[in-house]
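Asker: Curious how this folds, go ahead:
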Amino acid sequence: MASLFFYGYWSVNYLALIIISMVCNFSIGKSLYRTKQAGRQSLNRKLMLLLGLLFNVGLLAYYKYSDFIIANVNHVFETNTPLLNVLLPLAISFFTFQQIAYLVDCYKASTQEYNLLNYGLFVTFFPQLIAGPIVHHKEMMPQFNNIKNSRFNIGNVSKGVYIFAIGLFKKVAIADTFAIWANEGYDQITRTAGNSLSILDAWQTSLSYTFQLYYDFSAYSDMAIGAALMFNIVLPINFNSPYKALNIQEFWHRWHITLSRWLRDYVYIPLGGSYKGATATYINLMLTFIIGGLWHGAAWTFIVWGLLHGCAIVIHRVWQNRGASLPIFVAWPVTFMFINITWVVFRAENMEIAINVIQSMVGLNGVNLVYAQTTPIPLIVMVLCAYIAFRAKNTMEIAMSKQAYCIKDGAWVGVTLFLSIVLGINSTSAEFLYFNF
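Answerer: Modelled structure (predicted):
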């Protein structure tokens, strides 16, 4: 009930949507599980699974992609069908993927018999409801059933508050600061159609968003894990210093780990994975990453972003199969620069703006070494934040290395939370980026 209140506080109108989605999926999943246990391998079970998948995908398509589809149909066929202008329900991408996984596992009978109360908590558990991680029923349901987890645990509360404080500070002190610089660069191009950034402004804009997204998502992942731990619930790690990656495959083992896991288990492997030869493997990888890109948003920029990462994964796989490798001092900068450039496509409102920024970054719009933006990034800020992302221990490594918490830790947490609240109240960009996805 508390989690439903938390969700409904944003928009009570969509509270019914998540409840209906939850009840329908639980009912279909229960029927799939029981018919499998009874040994029935009938066409009805496949139709039931198909109905459940169509229900989930249909909801997601209507609320997230209907206007995108209508706009593209209008463009191709020169029609004037009005857009629906549907408000995207909060967290629909996350709870839809979780429930699709549940239905598929029920069909395979790889689930257990769950009650509606625990299933509802699995779907709506507030620390991870809004922006992940995309949790799996096997890792959550046993924790909800464990009677020990209903008892107050000072150790988990201490560690949870500690992790939460780090995440909150990352968000309001670092991510929101980079947001100012990133938004200024993109807004400058949008305000002045056809105008280009100077090469320094272009790099400031791209790197600002690269670090904004890093600290924003890192912050939310910390806060989700910290908040859940206060209730003795351990969420899966969803973010593991991705900018330390030495290749694109390692990046996806570190960035949005639970999304990568979901796409592997419920898209890539069902498509055939790597069991049908090299060509089929590369096609499956490309399709998986295109779907991953489209999951983030209804725009061609997201599709192109997914396509670029799919191409990079295929190139890496070919390179790997030939036994080739790059030295670390080459592999890391190549990987990071690719990620930085593709984040430009991810962030831009359209491909024209993305191409404009990338052209400015490589000097194709003129090599102007003068800052045009009103708020250039202080070098010390960029170097410090880059060092944290590239070299320092991440939150989980710091928290897990602590055996106990002392007065000094408590004082540090208190100061951090106080500063975060003060900064958060005065923040002009307080929305988490992953709320949009």
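Asker: For residue 237, which non-adjacent residue is spatially closest?
Answerer: residue 396 (5.8 Å; Cβ to Cβ, 6 or more residues apart in numbering). For the C-beta atoms, the positions are set from N, CA and C on the backbone; glycine is no exception.
Asker: Residue 256 contacts residue 132, correct?
Answerer: Yes - between residue 256 and residue 132 a contact is recorded at 7.3 Å, counting by Cβ atoms under 8 Å.
Asker: who touches both of the two?
Answerer: Shared contacts of residue 256 and residue 132, defined by Cβ atoms under 8 Å, 6 or more residues apart in numbering, comprise residue 238.
Asker: Between the two, which is the more surrounded one?
Answerer: Counted by other Cβ atoms under 10 Å, residue 256 and residue 132 do not tie: residue 132 has more neighbours, with 28 against 22.
Asker: would you say that one is within a helix?
Answerer: No - the assignment for residue 132 by DSSP: H, G, I helix; E, B strand; the rest coil gives coil, which leaves it out of any helix.
Asker: which residues touch it?
Answerer: When contacts are taken as Cβ under 8 Å, 6+ apart, residue 132 is in contact with 94, 220, 221, 224, 238, 256, 258, 259, 434.
Asker: do residue 121 as well
Answerer: With Cβ under 8 Å, 6+ apart as the criterion, the residues that contact residue 121 are 3, 144.
Asker: Recalculate using a threshold of 6 Å.
Answerer: With contacts defined as Cβ atoms under 6 Å, 6 or more residues apart in numbering, the neighbours of residue 121 are residue 144.
Asker: For residue 399, list the residues it contacts.
Answerer: The neighbours of residue 399, taking Cβ under 6 Å, 6+ apart as the test, are 159, 163.
Asker: ok, back up a step: of the contacts of residue 132, keep whichever come out buried.
Answerer: Among the contacts of residue 132, those that count as buried by neighbour count (16 or more other Cβ atoms under 10 Å) are 94, 220, 221, 224, 238, 256, 258, 259, 434.
Asker: Closest to residue 272 out of the contacts of residue 132?
Answerer: Top of the list for closeness to residue 272, among these and by Cβ to Cβ, is residue 259 at 20.4 Å.
Asker: Residues in contact with the helix or strand harbouring the closest one: which ones?
Answerer: Of the helices and strands defined by DSSP states H and E, residue 259 is found in helix 257-263. By Cβ under 6 Å, 6+ apart, the surrounding residues in contact with helix 257-263 are 97, 133, 134, 236, 238, 252, 288, 292.
Asker: Give the closest residue to residue 214 in space, chain neighbours not counted.
Answerer: The shortest distance from residue 214 to any residue other than its chain neighbours is 5.7 Å, reached at residue 389 (Cβ to Cβ, 6+ apart).
Asker: what's the neighbour count on the one you found?
Answerer: Using other Cβ under 10 Å, residue 389 has 20 other residues around it.
Asker: got the residue ranges for the strands in the stretch 201-350 of the chain?
Answerer: Taking DSSP state E, counting those that start in this stretch as the criterion, the stretch 201-350 of the chain contains no strands.
Asker: which stretches of the stretch 101-250 of the chain have low pLDDT?
Answerer: Under the criterion pLDDT under 70, the flagged ranges of the stretch 101-250 of the chain are 193-194.
Asker: Nearest residue to the spatially most central residue of the chain in space, ignoring adjacent ones along the chain?
Answerer: Residue closest to the mean C-alpha point of the chain, counted by Cα atoms, centre = their mean, is residue 256 at 5.3 Å. Among residues not flanking residue 256 along the chain, residue 238 sits closest, at 6.3 Å (Cβ to Cβ, 6+ apart).
Asker: Check the gap between that neighbour and residue 87 for me.
Answerer: In this view, residue 238 and residue 87 are 26 Å apart by Cβ to Cβ, to the nearest Å.
Asker: what's the span of stretch 234-254 from first residue to last?
Answerer: From its first residue to its last, stretch 234-254 covers 18 Å (Cα to Cα, to the nearest Å).
Asker: Sort out which residues of that stretch are buried, please.
Answerer: In stretch 234-254, residues buried by neighbour count (16+ other Cβ under 10 Å) are 235-252, 254.
Asker: Residue 109: what's it in contact with?
Answerer: Residues touching residue 109, when contacts are defined by Cβ under 6 Å, 6+ apart, comprise residue 36.
Asker: Identify the residues contacting residue 240.
Answerer: residue 254.
Asker: Just give me the neighbour total for residue 143.
Answerer: Under the neighbour criterion other Cβ under 10 Å, residue 143 is assigned a count of 19.
Asker: Now the nearest residue to it once chain neighbours are set aside. Its backbone dihedrals?
Answerer: Among residues not flanking residue 143 along the chain, residue 233 sits closest, at 5.3 Å (Cβ to Cβ, 6+ apart). Geometry field for residue 233 lists phi and psi as phi -110, psi 130, criterion degrees, to the nearest 10.
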